[in-house]
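In: The amino acid sequence is not available; the structure is as follows:
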Ligand SMILES: Nc1ncnc2c1ncn2[C@@H]1O[C@H](COP(=O)(O)OP(=O)(O)OP(=O)(O)O)[C@@H](O)[C@H]1O
């Protein structure tokens, strides 16, 4: 049985302009200790999906479908049970570490807190374990620095502290939502390498949300590409990279900056980055057919008629496009 099984997850949001469906029936599963990348442009529903798994959706949202963790369904679970689950079985690392940390509390106390609440450790035991966690995530001179406040740490160190907090209760699933977006390139690579080590060392499953295909390629075994609230392509990461079948996935690859060792100094000499033409359609006015049709170079009339069904390309590789063969032979 997979650790996590998400079936027909839908998230509708009440807005001043009426209800909009931001996540439109997505399905995926993740085995214990597995790694899954969730990729897509801003606004496609990645963060809402992650928040649904944590039971932390905004108040104006309505969720349906099912999110099974082992044999428990998180959809409809009461807040107390969800609270037990968060931190204990599922933990999350957010994009902006400063927003996840309390500026007024010492970092050692913040890492120790979940150990006291969820695992009932005494103060001294919790501090000892918090110290070990801070050392493990690479905070140098951790015994002294655990008495410091978040603003005394760099962005990368703060994210390491958030990772230590997330790990505190030994979760089975770690969700990392763009965990390195706010950091410099070099620090990004270090944090991603740390996450990969921890996931392997603790046999923890990882749901890694990113807008960067290279990050997903390097760190996940399975991937989902989201667009307009639906999954447009999914499968084993290597297979999806070897045979990209959705024009949007190809577009993401083409739009990715290629960074060399001297990326910043050479940037001015490089040709402008190709982007995916057009913009993400608004959730209020998604077209009746394929959500990507308005930006796709391969569109035919039928693409505008109805949302494309998921085609199974074999080996678990699925695509929501009625003519994936049209792309064969086209360089990404
Ligand atoms: N509380 C809310 N009320 C109304 N609309 C919302 C709310 N939260 C998110 N949305 C909208 O839902 C859509 C999906 O948002 P989501 O944050 O999941 O996107 P995302 O893919 O994670 O993008 P990003 O990388 O920018 O966070 C967006 O159009 C967003 O504007």
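Out: Done, it's in. These figures come from a predicted structure and were not determined experimentally.

In: would residue 11 count as being in a strand?
Out: Yes. Residue state for residue 11 (DSSP: H, G, I helix; E, B strand; the rest coil) corresponds to a strand.

In: Could you double-check that it lies in contact with residue 22?
Out: Yes. Look at residue 11 against residue 22 with CB atoms under 8 Å: they come within range, at 5.3 Å. All C-beta atoms are positioned from the backbone trio N, CA, C, and that covers glycine.

In: These two: who's more crowded?
Out: residue 11 (23 against 19; other CB atoms under 10 Å).

In: Quickly list what's touching both of residue 11 and residue 22.
Out: Taking CB atoms under 8 Å, 6 or more residues apart in numbering as the contact criterion, the residues that touch both residue 11 and residue 22 are 45, 48, 61.

In: what's near enough to touch residue 98?
Out: Going by CB under 8 Å, 6+ apart, residue 98 touches 150, 155, 158.

In: Starting from residue 159, give me the distance back to it.
Out: Spatial separation of residue 98 from residue 159 under the definition CB to CB, to the nearest Å is 10 Å.

In: what number of residues lie near residue 189?
Out: Counted with other CB under 10 Å, the burial measure for residue 189 works out to 14 neighbours.

In: does it count as helix, strand or coil?
Out: When classified by three-state DSSP, residue 189 comes out as helix.

In: Next one: stretch 51-69, is it in contact with the ligand?
Out: Yes. Contact between stretch 51-69 and the ligand, assessed by CB under 6 Å from any ligand atom, occurs at 58, 60.

In: List the buried residues in that stretch.
Out: Neighbour-count burial for stretch 51-69 flags 51, 52, 53, 54, 55, 57, 61, 63, 65, 67, 68, 69 (criterion: 16 or more other CB atoms under 10 Å).

In: What about those, which are in helices?
Out: 51, 52, 53, 54 (DSSP state H).

In: ok, the residues you listed vs residue 206, which is closest?
Out: Relative to residue 206, the closest of these is residue 53; by CB to CB it sits at 12.4 Å.

In: list the contacts for that closest one?
Out: Neighbouring residues of residue 53 by CB under 8 Å, 6+ apart: 4, 6, 67, 74, 90, 173, 175, 207.

In: Any idea what the first one is bridged to?
Out: The bridge-partner assignment for residue 4, based on DSSP bridges, gives residue 30, residue 69.

In: Show me what the helix or strand where residue 165 lies is packed against.
Out: Under DSSP states H and E, the secondary-structure element containing residue 165 is helix 155-167. With contacts defined as 3 or more CB pairs under 8 Å, 6 or more residues apart in numbering; DSSP states H and E, the packing partners of helix 155-167 are strand 90-93, helix 97-100, helix 107-119, helix 123-136, helix 185-202.

In: Make TSV out of the ones in helices among the buried residues of stretch 51-69 and add distance to residue 112 and pLDDT.
Out: Listed next are those as TSV, based on distance: CB to CB, whole Å; pLDDT from 0 to 100:
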residue	distance to residue 112	pLDDT
51	25	95
52	29	96
53	25	96
54	21	94
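
In: which one of the residues you listed sits closest to residue 124?
Out: The shortest separation between residue 124 and any of those is 29.9 Å, and it belongs to residue 54 (by CB to CB).

In: measure the residue minimising distance to the centre of the chain to the ligand for me?
Out: The geometric centre of the chain, computed from its C-alpha atoms, lies nearest to residue 209 (CA atoms, centre = their mean), at 1.8 Å. Distance, residue 209 to the ligand, by CB to the nearest ligand atom, to the nearest Å: 7 Å.

In: do residue 147 as well
Out: 34 Å.

In: still on that earlier bit, worst average pLDDT in the helices and strands packed on helix 155-167?
Out: Among the helices and strands packed on helix 155-167, helix 97-100 carries the lowest mean pLDDT, a mean of 90.
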